[in-house]
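*Asks:* Sharing a sequence plus its predicted fold:
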Amino acid sequence: MTSPLTYAAAGVSIEAGDELVRRIKPLAQRTYGAGVLAGIGGFGALFRVPSGYREPVLVSGTDGVGTKLKLAFALNRHHTIGQDLVAMSVNDILVQGAAPLFFLDYYACSQLDVDVAEQVVAGIARGCQMAGCALIGGETAEMPGMYPPGEYDLAGFAVGVAERSELIDGCSIVPGDVVLGLASSGPHSNGYSLIRRIVEASGAHYTDDVDGRTLGERLLEPTRIYCRPVLEVMQSIRIKGMAHITGGGLVENVPRILPPAVQAVIGRDGWPKPAIFDWLQRHGRVEDAEMHRVFNCGIGYVVVVAASDAAAAVEAFGAQGETCWPVGAIRNRGSGEAGCIVT
């Protein structure tokens with residue numbers, strides 16, 4: 001050893017980390033509302049619980065974006081993956097009727113590329129603005145040797161608030177209720193290990209055309225964030241239960257909100273299946289049951305309402321810019337029957 005060792009010589013650049021913080025501070029500050037008391041830069045962020053709640057309940061969620069990141073690396077497209085990260089957590093806490101308050105992110109890599117990280121965080125900030133929450137903190141971890149060059153990992157954490165008496169848990173769902181489906185923007189952030197295997201096995205290229213756009217563009221379309229429209233519709237329509245359609249598709253996620261004595265019967269002809277799912281099924285020779293167990297197949301979010309409210313709910317979601325279809329109904333569940341079937 002001829003000279004003293006430094007952190008930089010070990011592969012960690014404090015200067016790069018400082019530069020990233022300098023760049024992302026204004027991005028985060030654009031998401032701030034009245035509740036933010038202290039944000040990025042301190043040891044801990046501070047947020048004031050909103051007034052107007054008699055018995056506020058905090059609802060938390062955490063998630064990542066899985067191997068969709070591999071597509072972002074392959075296509076060198078990093079500006080939308082942050083929206084995916086936000087969507088996966090805020091859509092989850094929305095299920096119980098919570099309005100998102102704030103979000104934190106974790107970005108890990110072996111060598112920090114400030115330009116790439118800035119693109120990712122810009123997408124996170126944009127997602128927070130769409131969800132109506134503040135990006136108040138996070139962690140950037142530069143860990144030499146932990147990841148292949150040019151790759152990174154992401155995790156996100158969301159906290160929202162709901163009135164305790166207005167929490168939505170699905171317990172009031174009964175036979176005769178209607179299942180509504182809100183359109184997804186594509187596969188969202190689930191099933192990408194299978195997607196990448198299909199692309200590889202079929203010999204397809206991300207530049208191939210799929211219904212007027214490249215395959216890569218279709219697959220990297222960011223996850224839709226449903227918070228603002230759903231919270232708005234909740235003001236006029238009694239929503240009995242909701243489900244975020246993530247890994248497990250309709251057949252695994254819808255039963256999570258149902259009482260044990262009922263099942264959801266969903267008709268596969270109740271909505272138009274987007275072209276990307278037809279492409280995946282055809283090129284992967286994926287059976288129908290597997291498609292509905294892995295992918296959202298065009299339905300990114302499910303809402304259950306009374307039959308008497310269904311038409312008004314569809315209209316209300318349409319007024320909020322959401323495409324909404326009545327896709328099924330709640331029935332009595334027989335012994336040994338699944339909680340959700342797609343017919």
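*Replies:* Perfect, thanks for sending it.
*Asks:* Please make it C-alpha for all contacts and neighbour counts, starting now.
*Replies:* Will do.
*Asks:* Quick check: the spatially closest residue to residue 152 that is not a sequence neighbour vs residue 151, distance?
*Replies:* Of all residues not flanking residue 152 in the chain, residue 109 sits nearest, at 4.4 Å (CA to CA, 6 or more residues apart in numbering). Distance from residue 109 to residue 151, counting by CA to CA, to the nearest Å: 6 Å.
*Asks:* ok, the residue nearest to residue 152 touching residue 117?
*Replies:* No: the criterion here is CA atoms under 8 Å, and residue 109 misses it with residue 117 at 9.6 Å.
*Asks:* And for residue 256, nearest residue in space, chain neighbours not counted?
*Replies:* Of all residues not flanking residue 256 in the chain, residue 243 sits nearest, at 7.7 Å (CA to CA, 6+ apart).
*Asks:* List the contacts of that neighbour.
*Replies:* With contact set as CA atoms under 8 Å, 6 or more residues apart in numbering, residue 243 has these partners: 92, 95, 253-254, 256-257, 301-303.
*Asks:* Which of these fall in strands?
*Replies:* Under the assignment DSSP state E, the contacts of residue 243 contribute 301-303 to strands.
*Asks:* Which one (most neighbours) among those?
*Replies:* residue 301 (27 neighbours; other CA atoms under 10 Å).
*Asks:* Just list whatever residues bridge to that one.
*Replies:* Taking DSSP bridges as the rule, residue 301 bridges to residue 182, residue 244.
*Asks:* and the lowest-mean-pLDDT helix or strand in the chain, what other elements does it pack with?
*Replies:* Across the helices and strands of the chain, mean pLDDT, DSSP states H and E gives its lowest value to strand 36-38, namely a mean of 86. For strand 36-38, the packing partners by 3 or more CA pairs under 8 Å, 6 or more residues apart in numbering; DSSP states H and E come out as strand 46-47, strand 134-142.
*Asks:* just those: most buried one?
*Replies:* Compared across the helices and strands packed on strand 36-38, strand 134-142 shows the largest average neighbour count, a mean of 22 (mean count of other CA atoms under 10 Å).
*Asks:* average model confidence for the helix or strand that comes right after that one?
*Replies:* Next along the chain after strand 134-142, taking DSSP states H and E as the criterion, comes strand 152-163. Mean pLDDT, strand 152-163: 96.
*Asks:* same for strand 152-163, what does it pack against?
*Replies:* Secondary-structure packing of strand 152-163 (3+ CA pairs under 8 Å, 6+ apart): strand 56-63, helix 81-94, strand 99-109.
*Asks:* Tell me the strands beside the shortest one, with direction?
*Replies:* Right, strand 56-63. strand 152-163 (antiparallel).
*Asks:* I would like the residues contacting the partner strand, please.
*Replies:* By CA under 8 Å, 6+ apart, strand 152-163 touches 53-65, 69, 85-86, 89-90, 93, 97-110.
*Asks:* what does stretch 60-68 give?
*Replies:* Under the contact criterion CA under 8 Å, 6+ apart, stretch 60-68 has outside partners 81, 84-85, 88-90, 92-93, 154-160, 189-190, 192-193, 220.
*Asks:* Let me see the mean pLDDT of it.
*Replies:* Per-residue pLDDT values over stretch 60-68 give a mean of 95.
*Asks:* Distance from the chain centre to it, please.
*Replies:* Distance of stretch 60-68 from the chain centroid (CA atoms, centre = their mean, to the nearest Å) equals 7 Å.
*Asks:* re earlier: narrow the contacts of strand 152-163 to those that are buried.
*Replies:* Buried subset of the contacts of strand 152-163 (neighbour count, 16 or more other CA atoms under 10 Å): 56-65, 69, 85-86, 89-90, 93, 97-105, 107-110.
*Asks:* residues in contact with the residue nearest to residue 131 when sequence neighbours are not counted?
*Replies:* Leaving aside its sequence neighbours, residue 131 sits nearest to residue 227 (CA to CA, 6+ apart; 5.5 Å). The contact partners of residue 227, by CA under 8 Å, 6+ apart, come to 90-91, 94, 99-100, 131-132.
*Asks:* Out of those residues, which is nearest to residue 44?
*Replies:* Nearest to residue 44 among the contacts of residue 227 is residue 100, at 18.6 Å by CA to CA.
*Asks:* Mind naming the longest helix for this structure?
*Replies:* When the chain is parsed with DSSP state H, its longest helix is helix 114-131.
*Asks:* Now do the buried residues in that one.
*Replies:* 114, 116-131.
*Asks:* how many neighbours does the nearest residue to residue 252 once chain neighbours are set aside have?
*Replies:* In space, and not counting its chain neighbours, residue 252 is closest to residue 293: 6.6 Å by CA to CA, 6+ apart. Neighbour count of residue 293, defined by other CA under 10 Å: 18.
*Asks:* Could you pull up the mean pLDDT of stretch 320-339?
*Replies:* Mean per-residue pLDDT for stretch 320-339: 93.
*Asks:* hang on, I meant stretch 121-133
*Replies:* Mean pLDDT, computed over stretch 121-133, is 96.
*Asks:* Give me the contacts around the helix or strand where the residue nearest to residue 252 lies.
*Replies:* For residue 293, the host element (DSSP H and E) is helix 288-294. Helix 288-294 is contacted by residues 190-191, 247-252, 281, 297, 342 when judged by CA under 8 Å, 6+ apart.
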